[in-house]
Each structure stands twice: as structure tokens, then as C-alpha cells.
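Enquirer: next come a sequence and a model predicted from it.
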Amino acid sequence: MGKILVVGVGPGGEEYLTHAARLAIASAGAFAGGENALKFAPRSKPRMVIRSNLEEVAEFIQRYAAENVAVLTSGDATLFSILGFLRRRFPESMLEVVPGISSVQLCFARLKQPWNGARVVSLHGRGGVEQIPDEEKVVVMCDPANPPQQVARALLPRFGNRRCAVCENLSLPGERVVEATLEEVAGESFSGNSVMVVWR
């Protein structure tokens, strides 16, 4: 019986794929992951794209359970990833978690600031902006349905014109880091592949 390797592949740029992640990928015989994460998997091995098909992913893992199956997650494998589902579906003894560099970590590195005390909220299939709390430092992991400009427009009536920053396409071509106010972000255009920080 092989292991289920839950591997964080970082924010997307190959330079942020850790050595431990490379070793785990090299040891796997089958792969599941988002389309972007699967670029790190060999094309010659069986693979499945993870969308909202979690039960199909579980069946795929079972099919190749005799060897290591790597489940590739963007960012860090322990932060808003498929790990919770896998813990519910498989024995903990089958799981091995390889942490990665999260987009939140890289965002604060680009801003040259600590992220101690920050509240992190993901909008990836987890509801809308109403879940964003009014706290000192809030990190919003945006998605295509909730890009930063839309988040800013929704937060303005609740939060007022607070200071914020948007880190778009981190570690990828077209990376952009903008420090502004909610009003300014509301008037801009960003992709959903962004991390947004809002300060009280």
C-alpha cells in the first residue's frame, strides 16, 4: 500500500517549489491536482484534474493506492486545501503532508511586512465577501468570481476607505503588487488570482 502525498507546490512559480515537494513528486506513480498544480507532474503518469469532483478524486486515489499518489495543492497543503476532505475520506496513516509556500506568505514577503495576527479568509468556493470579518488585519484569498475590485466595492460600505494591498499573480508572469485604498482598488481591474490585505 502506498501513501497519499498531499504536496503544497507553492504559488505557481517553479522557484517556489520546495526540495521536499520535488522529492515527493518524484516518488509518486499517479497525480491529482488543479490544472496549474499538475504542471509539476510528469505527463507520462496517470493524472486527474481536481475541480468539484471530490468523490471521483477519491476513487482515482483508491485505484492507484498500491503506489504513492501525489495530490498537488497550490500554495501550502495545510491552508485552505483538499487536506480536510482527504482526512475525512482516508485513514490518517495513509496521509503524508508536504508543506509548501503559500500565496499569503509570499504576499507579505512582497509587502516586507509580518503577517502575525492576520485573519485569513478564502473565497475559493467558500461563499462571498459577507464572511470577511472586521478585524485589524484581514487577508482575502480572491477567486475569479470575487476579484479584488469586487471585494473592495463590497467592503467599502462596511469598512470605509481603509488602507489595503493587492498582490496579483504572485511568482508568475504579470505579477503586480499595489498598495492603495479600498476606493482606489474598487476602480482598478485585477484578476481573481490575487491576495488582498485590508488593514483597519
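Expert: The structure has been received and is ready for your questions.

Enquirer: strands along this structure, start to end?
Expert: For the chain, the strands defined by DSSP state E cover 4-8, 30-33, 47-49, 69-73, 95-98, 119-122, 137-141, 163-168, 176-181, 194-199.

Enquirer: in this structure, where is pLDDT below threshold?
Expert: 126 (pLDDT under 70).

Enquirer: domains in it, by residue range?
Expert: With domains defined by automatic domain parsing, the chain comprises 4-98, 103-199.

Enquirer: how about a markdown table for those, with mean neighbour count added?
Expert: For glycine as for every other residue, the C-beta is placed from the backbone atoms N, C-alpha and C. Output for those, formatted as a markdown table (neighbours: other C-beta atoms under 10 Å):
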| stretch | mean neighbour count |
| --- | --- |
| domain 4-98 | 18 |
| domain 103-199 | 17 |
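
Enquirer: one step back: how about CSV for the strands of the chain, with distance to residue 82 added?
Expert: Shown next, in CSV, are those (distance: least, C-beta to C-beta, whole Å):
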stretch, distance to residue 82
strand 4-8, 7
strand 30-33, 8
strand 47-49, 12
strand 69-73, 6
strand 95-98, 11
strand 119-122, 13
strand 137-141, 15
strand 163-168, 23
strand 176-181, 28
strand 194-199, 19
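
Enquirer: between the ones you listed, which one is closest to residue 83.
Expert: Among the strands of the chain, strand 4-8 comes nearest to residue 83, with 5.3 Å by C-beta to C-beta.

Enquirer: for that closest one, C-alpha coordinates in PDB please.
Expert: The C-alpha atoms that make up strand 4-8 are tabulated as PDB, following Å, rounded to 0.1, in the frame of the first residue of the first chain:
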ATOM      1  CA  ILE A   4      -1.300   9.700  -0.300                       C
ATOM      2  CA  LEU A   5       1.200  12.500  -0.600                       C
ATOM      3  CA  VAL A   6      -0.500  15.900  -0.100                       C
ATOM      4  CA  VAL A   7       2.000  18.200  -1.600                       C
ATOM      5  CA  GLY A   8       1.900  22.000  -1.500                       C
END
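
Enquirer: pairing partners for that strand, with directions?
Expert: Note on strand 4-8: by DSSP bridges, its sheet partners are strand 69-73 (parallel), strand 95-98 (parallel).

Enquirer: contacts for the first one, please.
Expert: Right, strand 69-73. Strand 69-73 is contacted by residues 2-9, 24-25, 27-34, 37-38, 40-41, 50, 57, 60-61, 81-83, 86, 100 when judged by C-beta atoms under 8 Å, 6 or more residues apart in numbering.

Enquirer: and the strands paired with strand 4-8: which comes nearest residue 110?
Expert: The closest of those to residue 110 is strand 69-73. By C-beta to C-beta, the value is 21.1 Å.

Enquirer: which stretches of this protein form helices?
Expert: 19-27, 54-63, 83-89, 103-111, 148-159, 182-186 (DSSP state H).

Enquirer: mind putting these in JSON lines, distance to residue 129 included?
Expert: Compiled in JSON lines, those are given as follows (distance: least, C-beta to C-beta, whole Å):
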{"stretch": "helix 19-27", "distance to residue 129": "32"}
{"stretch": "helix 54-63", "distance to residue 129": "25"}
{"stretch": "helix 83-89", "distance to residue 129": "22"}
{"stretch": "helix 103-111", "distance to residue 129": "18"}
{"stretch": "helix 148-159", "distance to residue 129": "4"}
{"stretch": "helix 182-186", "distance to residue 129": "12"}
